[in-house]
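Novice: Below are the sequence and a predicted model for it; my questions follow.
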Amino acid sequence: MADFPIKNIVYEKIKDVTSITDADLTKALTKAGHTLAEDKFNKILLDLEIIGLIKVSWLTKDTRRIEITAQEIEEDEYEEVEVEIE
């Protein structure tokens, strides 16, 4: 198994379920063999939220809900031009 950056691993775990609590995410990461300190875990969530990949909201005083944000696909408009070579 390739060593991926921990941010990617965390993002993939969230993406697999689309919505998860922070406690469940920590358990899933630990079960997969990725133990993180709480400050490192919070930093990764903050980074992913700043990038716009996830949204973190509070469910209760001690529980956060983490979900994937909808990614909008932007398509560039272009005109097709026919060029005749003489």
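Specialist: Right, received. Where do you want to start?
Novice: excluding its backbone neighbours, what's nearest R64?
Specialist: The shortest distance from R64 to any non-neighbouring residue, by Cβ to Cβ, 6 or more residues apart in numbering, is to D22 (4.4 Å). C-beta: built from backbone N, CA, C; applies to glycine.
Novice: Count the residues that sit near P5.
Specialist: 9 (other Cβ atoms under 10 Å).
Novice: do the one 5 residues further on as well
Specialist: The tally of other residues near V10 (other Cβ under 10 Å) stands at 25.
Novice: check which helix or strand covers it.
Specialist: Assigned by DSSP states H and E, V10 belongs to helix 6-17.
Novice: can you give me how far that helix is from the chain middle?
Specialist: Distance of helix 6-17 from its chain centroid, counting by Cα atoms, centre = their mean, to the nearest Å, is 6 Å.
Novice: Could you list every helix and strand in contact with the helix or strand containing E67?
Specialist: Assessed by DSSP H and E, E67 sits inside strand 64-68. Where contact means 3 or more Cβ pairs under 8 Å, 6 or more residues apart in numbering; DSSP states H and E, strand 64-68 is packed against helix 6-17, strand 19-21, helix 22-31, strand 54-58.
Novice: So what touches that strand?
Specialist: The contact list for strand 64-68 (Cβ atoms under 8 Å, 6 or more residues apart in numbering) reads 14-15, 18-22, 25, 45, 53-59.
Novice: Just the buried positions in that strand, please.
Specialist: Across strand 64-68, burial judged by 16 or more other Cβ atoms under 10 Å covers R64, I66, I68.
Novice: how close does the last one sit to Y78?
Specialist: Same thing as I68. From I68 across to Y78, the span is 30 Å (Cβ to Cβ, to the nearest Å).
Novice: One more: the first one?
Specialist: Taking Cβ to Cβ as the measure, R64 and Y78 are separated by 42 Å.
Novice: Which helix or which strand is home to E49?
Specialist: Secondary structure from DSSP H and E places E49 in helix 38-51.
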